[in-house]
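*Asks:* model the following, please.
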Amino acid sequence: MKQTLLYMAGLFGVLFLHVACSDYGRQPTDVCNHRLYYTEPAKTWEATLPLGNGRLGLMTDGNIGEEHLVLNEISLWSGGCYDYSNPEASKTLPRIQQLLFEGRNIEAQELMYRSFVPKKAENGGTYGSYQVLGSLDLFFPGQPVDTLAGVTDYERSLSLRDGVAVTGYTFDGVRYEREYFVSREKDVMAVHLKASQKGALAFRAALSRQERCTVTTAGSDVLLMEGTLDSGQPGVDGMKYRVAMRLLSKDGTSSLSADEGIQLTDGQEAWLVLSATTNYEACGTDFPGARYKEVCDSLLDEAVKQPDSLEPGHIQAHRSLYDRVSLTLPATPNDQLPTDERVLYFSSIDSPAMAALYYNFGRYLLISSTRPGSLPPNLQGLWANTIQTPWNGDYHTNINVQMNHWPLEQAGLGELYDPLISLMERSIENGEKTAKVFYGDKAQGWVMHMMTNVWNYTDPGEHPSWGATNTGGAWMCAHLWEHYLYTGDTDYLKRIYPIMKGASEFFHSTTVAEPVHGWLVTAPTSSPENAFFQPGDKSRKPVSICMGPTMDVQLLTELYTNVIEAARILGVDADYVATLEADLKRFPPMQISPNGYLQEWLEDYEEVEVNHRHVSHLYGLHPSNLISPESTPDLADACRVTLNRRGDEATGWSRAWKMNFWARLGDGNRAYKLFKSLLNPVYDGKPGVDYGSKKSRGGTYPNLFCAHPPFQIDGNYGGAAGVAEMLLQSHMGFVKLLPALPDSWSEGSFRGMKVRGGVSVDLVWAGGRAQEAVFLAERDVTLKLLLPPTASQIAIKGRSHNKVLEPVVGNTIYELNLKAGESLKVTFIHNT
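*Replies:* Numbering: from 1, shown residues only. Model (predicted):
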């Protein structure tokens, strides 16, 4: 009965939204996978609609009489660049390592808590936090507040393809519409307000912030909000910001004051255009620094010259990124429902196209939260609504900032790597200092622990149980190499090689030989945020500090291998290559427990929490390629046991990572199960967000933001990457089509997804089988294509191809030689 009612609700949605979902000349179901929409205003911030251009952000709640818009600027941080050096750290390092050699991990951990932590900065300087820029509040006199009484035809929506949000409703016989966007072209925020009757538009617009702001006016038409954040150091100014807003109206009467803001009466159409800047300045970015006031004002002046061209110019710039890829999956009636209802019903009634919407939303968030010359997306992308953003809204380097970039290359958005690369380049100087201070004069190269910020922080975290992890930089180097694999750009390789080499030099100079096997290991360190019980300890005290956890071994193996290959491509450092090759032979092997799972530590310790959210020791399976069903079947089986033992329930981003694991293992149905778990609604559909319920431990908010909880954007990016991994893989040196296809995704298509080697792939499948693929090469390349299991051969019109059997794979691989700009259509022939 329940399913029948939901199906009928879906049919009702089809009828109700036939017109609304027919934009762009596409089929309704396809359009609804590029669009979020709702039939009531947002009751919580996690239901508002995110807009951004990679530097500026805006979130709109769509309320009627009083609308609250949250404003963001990605560089707005408190704190500053300070010295947290602890000279005691390197002095106690030999003792810490000796205690670890003797199996006295608890004592090593206690010593680290006393000595191997960052000191407080002199004169009170602080690490800081990403902060909300402020608020734009719109007041509409005579219209209902916190209710839809008297309102008809209400709808608010976000077009992912356009990067434009719309609120529309009818009240007192007048149709009102508000459009919102953050221009990628003009670098401003804009609100376009319209009424269907002349003289019916009246509102007041005010700027505000929770603290540290002054609102004034400039001239006769500009409202300003300015302030200075806390640096943590008395007498030293923190970051400064400026917001400027101007009203453009074709009719009506307007006024301006610092107390009341901007007011319009008797109008019909108007624009609010906002510019915002900070005085942040950093190498490799285009932030204005000391010129922030001048730049803020000039951006606003330029944008208001032709307001009618603002939206078309923005849409064109946005689509130039968004339209690079498309994905179509089987449609169902529920695809037409409002987005929050669509999520609620997804747990009980399958709707494959939900994965297409989520994938598109992930791409949209990436495009909106970073851009060349800006900063990488932080823990919340660039959207925040508080002064103290959860976990400082920084860059956690033990998975989170990396997960933020997982879908990037395959979605054809390679240029969005630029902010991450620049951030790493800026961190090297501090990382070299951290290496010497904490690991002694013998330490070479640079190191980054488990978190960083806009101030280039590289020291350990203040709590060794999570802050001792020192492989954050090594993991980020994997992304530098990944970008090279997609581009093949040797000039770029020359740029990143010193970064990768410096990271490897740190570990080459600081790894030690453990006493049992003589293996080279990191010490001290931890397996990110996880803990174990030390054998024989009756107190059952959780211990995190260890040496050589499996993830560290995998990261160093990958880093050294990539540095070796890069050096050979560039024809440099032959002696150093030989040194790294010798070290590789001394690393511990990945070990399988007697119980069949992959060990997380050198010893098979008992975990404090078997279901822990981090599954770091499976890094070799994903995102790395050290483990695969084809090349290391025993280790792949151990990963399956590990994942089943860990369980599917976890925080939002952890579910996304597990989705990627199962995709790499070729189990599409299990990966899809994890995707459904990731879409667990963290709300009941009416009152709003539930942060406390255990059943809502992780999942999705009404606006599709991922719930850790609270909101962390990495789960959105990880989930989008997981959808792509289920459809296309190339990490093992050959292309796999539909490697983990769920049963319910029996037919579909994608266009423009990229594989390593710089090749774009279009694919159509039916009956669960690949039918036809088109490969487009950016440069001369030899593409290795694994024949799908159900196909017997391929056909290429007018072209010959080489067929190669690789025993490690156990299936036929075709070598396809492509010239730059060449497009090759491949048809798959199936026996039955």
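
*Asks:* got the residue ranges for the helices in the stretch 451-600 of the chain?
*Replies:* Here the stretch 451-600 of the chain has its helices, by DSSP state H, counting those that start in this stretch, at 464-467, 472-487, 490-510, 550-570, 574-584.

*Asks:* Cys283: which of those helices is closest?
*Replies:* Proximity to Cys283 (C-beta to C-beta) singles out helix 490-510 among these, at 13.3 Å. (Each C-beta comes from the backbone N, C-alpha and C, glycine too.)

*Asks:* which elements pack onto the closest one?
*Replies:* Under the contact criterion of 3 or more C-beta pairs under 8 Å, 6 or more residues apart in numbering; DSSP states H and E, the helices and strands touching helix 490-510 comprise helix 418-439, helix 472-487, helix 550-570, helix 574-584.

*Asks:* distance to Leu160 added to these, as a markdown table?
*Replies:* Supplementary listing: the helices and strands packed on helix 490-510 in a markdown table, determined by distance: least, C-beta to C-beta, whole Å:
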| stretch | distance to Leu160 |
| --- | --- |
| helix 418-439 | 21 |
| helix 472-487 | 24 |
| helix 550-570 | 34 |
| helix 574-584 | 44 |
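
*Asks:* and Asp459, which of those is closest to it?
*Replies:* Nearest to Asp459 among the helices and strands packed on helix 490-510 is helix 418-439 (5.2 Å), distances taken as C-beta to C-beta.

*Asks:* specify the angle between that closest one and helix 490-510 in degrees.
*Replies:* Interaxial angle, helix 418-439 versus helix 490-510 (axes from the mean of the first three to the mean of the last three C-alpha atoms, to 10 degrees): 20 degrees.

*Asks:* what comes up buried for helix 418-439?
*Replies:* Burial within helix 418-439, assessed by neighbour count using 16 or more other C-beta atoms under 10 Å, is assigned to 418-428, 430-439.

*Asks:* who does that helix touch, helix- and strand-wise?
*Replies:* helix 87-101, helix 472-487, helix 490-510.

*Asks:* what do you get if the cut-off is 6 Å, keeping everything else the same?
*Replies:* Contact partners of helix 418-439 among helices and strands, from 3 or more C-beta pairs under 6 Å, 6 or more residues apart in numbering; DSSP states H and E: helix 490-510.

*Asks:* outside of the helix it packs on, which residues touch it?
*Replies:* Residues external to helix 490-510 that are found in contact with it (C-beta atoms under 6 Å, 6 or more residues apart in numbering): 424, 435, 439, 442-447, 473-474, 477, 480, 484, 556, 559-560, 563, 566.

*Asks:* chain center to it: distance?
*Replies:* Here helix 490-510 is found 24 Å from its chain centre; the criterion is C-alpha atoms, centre = their mean, to the nearest Å.

*Asks:* that one to helix 574-584, inter-axis angle?
*Replies:* Relative orientation of helix 490-510 and helix 574-584, computed by the same axes, to 10 degrees: 50 degrees.

*Asks:* in helix 490-510, which residues are buried?
*Replies:* Residues of helix 490-510 classed as buried by neighbour count (16+ other C-beta under 10 Å): 493, 496-497, 499-508, 510.

*Asks:* please apply the same query to stretch 242-261.
*Replies:* For stretch 242-261, burial by neighbour count (16+ other C-beta under 10 Å) applies to 242-249, 252, 254, 256, 261.

*Asks:* follow-up on the earlier one: which of the buried residues of helix 490-510 lies closest to Ile796?
*Replies:* Within those, distances to Ile796 taken as C-beta to C-beta reach their minimum at Leu493, with 31.7 Å.
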